[in-house]
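In: sequence plus the predicted model coming up.
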Number of protein chains: 2
Amino acid sequence: MAAPLEFYFDFSSPYGYIAAQRIDAIAAKHNREVDWRPMLLGAVFKIAGTQPLTHYPLKGQYSTHDFKRSAREHGIAFNMPEKFPLPTQAAARGVYWLKEVLPAKAVPFIKAVYAAYFVDGKDISSPDLLADIAAGMGVDRKELLAGIENPEIKDKLREVNDDAIKNRGVFGSPFIIVDGEPFWGADRLEMIDRWLERGGW
Amino acid sequence: MAAPLEFYFDFSSPYGYIAAQRIDAIAAKHNREVDWRPMLLGAVFKIAGTQPLTHYPLKGQYSTHDFKRSAREHGIAFNMPEKFPLPTQAAARGVYWLKEVLPAKAVPFIKAVYAAYFVDGKDISSPDLLADIAAGMGVDRKELLAGIENPEIKDKLREVNDDAIKNRGVFGSPFIIVDGEPFWGADRLEMIDRWLERGGW
């Protein structure tokens, strides 16, 4: 099987959420898997000289309109959270901990966290909420909470972030790397589909 | 016939160039016309708190790669100009002057100016070059040069720019407004196509 699609995303990214609902189907169509790599846009913004979309005049208003429109077009439930953006370290660390100890739970956890934020408007920066979500899928609350505070897991997230920015050119969310070819944005999924269809060029 | 697609673009915008090669076909498919509205991104950047794509770390490199890839995918000739970006007041004024006095020449002029820049790498900030292009399509050189300096034409460009930013929410190029609905970016042409197909929602 060819290399997985490397799917970089921040849990506080509406377009990351939208793409997360669609990437599996595109990968499956081309016999690929998805490697889910939560990261922190805060670090990216500093290096890339950018800020959250909604913080820009004009572009901010457009983006908020477009989040809803893009979700609607693809039949994806979406409600813009009142608290936005949120810190997502805990959620991202939860994923890397699950990837180590209970890998089969990592993707369901990602989807549940995204839904908690962008459908139900819950505060996914709260470790307690993350523990509730994990408990709902049979993961021990306390173990998840300890995992989030585990220094090795903290290091892992830092490494992924540093590598993404310094070596992979990642500067936004979602950012998908297909056999070394970078694609930025939920609206590039069709381009990825065509790219894989043609075998790249 | 329904309202035209309002196509805002800057002559120094690679994605504006790419969209300019494709917008006619999408409009024609839905029995729409295109209202071509050159504008100046310089004014936008100040108000929107942004800068030319290629000036950002990381995003700049990606964009340069993506300009070429996007053009290639659609079979559009493209060469990244060495001088980039360029001032585009003269070219934009040339268009508004043609729209007033020789409207049938306006769109061919737009396409020729874009090709001179993004295919042949010519300096389209030069009024002389613009006059050469106009002369090639049977427009009097001197009249075009005078049109570019005409105070009413200068005012017209300022009005379009101010209206775009203040009243229409335009913050980038290309920016296409379809029956009041805003779409930003060459990669949203497919979304516009689907939007028109469905009759909007």
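Out: It's in. Numbering: from 1, shown residues only, chains lettered A, B, ... in the order given.
In: what does chain A put close to chain B?
Out: A:44, A:47-50, A:56-59, A:61-62, A:65-66, A:72-73, A:165, A:169-172, A:182, A:184-185, A:187-188, A:190-191, A:194, A:201 (C-beta under 8 Å from any C-beta of the partner chain). To be clear about C-beta, it is placed using only N, CA and C from the backbone, and glycine gets the same treatment.
In: which other residues reach the lowest-mean-pLDDT helix or strand in chain A?
Out: One helix or strand of chain A scores below all others by mean pLDDT, DSSP states H and E: helix A:41-48, with a mean of 90. Residues from elsewhere that reach helix A:41-48, judged by C-beta atoms under 8 Å, 6 or more residues apart in numbering or on different chains: A:10, A:12-13, A:50-52, A:85, A:87, A:161, A:164-165, A:170-173, B:56-59.
In: which strands and helices lie in contact with the longest helix belonging to chain A?
Out: Looking across chain A with DSSP state H, the single longest helix is helix A:151-167. Judged by 3 or more C-beta pairs under 8 Å, 6 or more residues apart in numbering or on different chains; DSSP states H and E, helix A:151-167 is in contact with strand A:34-38, helix A:41-48, helix A:89-101.
In: can you redo these as CSV with distance to residue A:143?
Out: Below are these laid out as CSV (distance: least, C-beta to C-beta, whole Å):
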stretch, distance to residue A:143
strand A:34-38, 19
helix A:41-48, 27
helix A:89-101, 8
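In: residue boundaries of the strands in chain A?
Out: A:5-9, A:34-38, A:175-178, A:181-184 (DSSP state E).
In: I'd like those strands laid out as a markdown table, including mean neighbour count and mean pLDDT.
Out: Converted to a markdown table, the strands of chain A look like this (neighbours: other C-beta atoms under 10 Å in any protein chain shown; pLDDT from 0 to 100):
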| stretch | mean neighbour count | mean pLDDT |
| --- | --- | --- |
| strand A:5-9 | 24 | 98 |
| strand A:34-38 | 21 | 98 |
| strand A:175-178 | 24 | 98 |
| strand A:181-184 | 19 | 98 |
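In: any chance of those strands in JSON lines with distance to residue A:20 as columns?
Out: Converted to JSON lines, these look like this (distance: least, C-beta to C-beta, whole Å):
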{"stretch": "strand A:5-9", "distance to residue A:20": "6"}
{"stretch": "strand A:34-38", "distance to residue A:20": "8"}
{"stretch": "strand A:175-178", "distance to residue A:20": "11"}
{"stretch": "strand A:181-184", "distance to residue A:20": "14"}
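In: and the ones you listed: which comes nearest residue B:157?
Out: Checking the strands of chain A against residue B:157 by C-beta to C-beta gives strand A:181-184 as the closest, at 31.9 Å.
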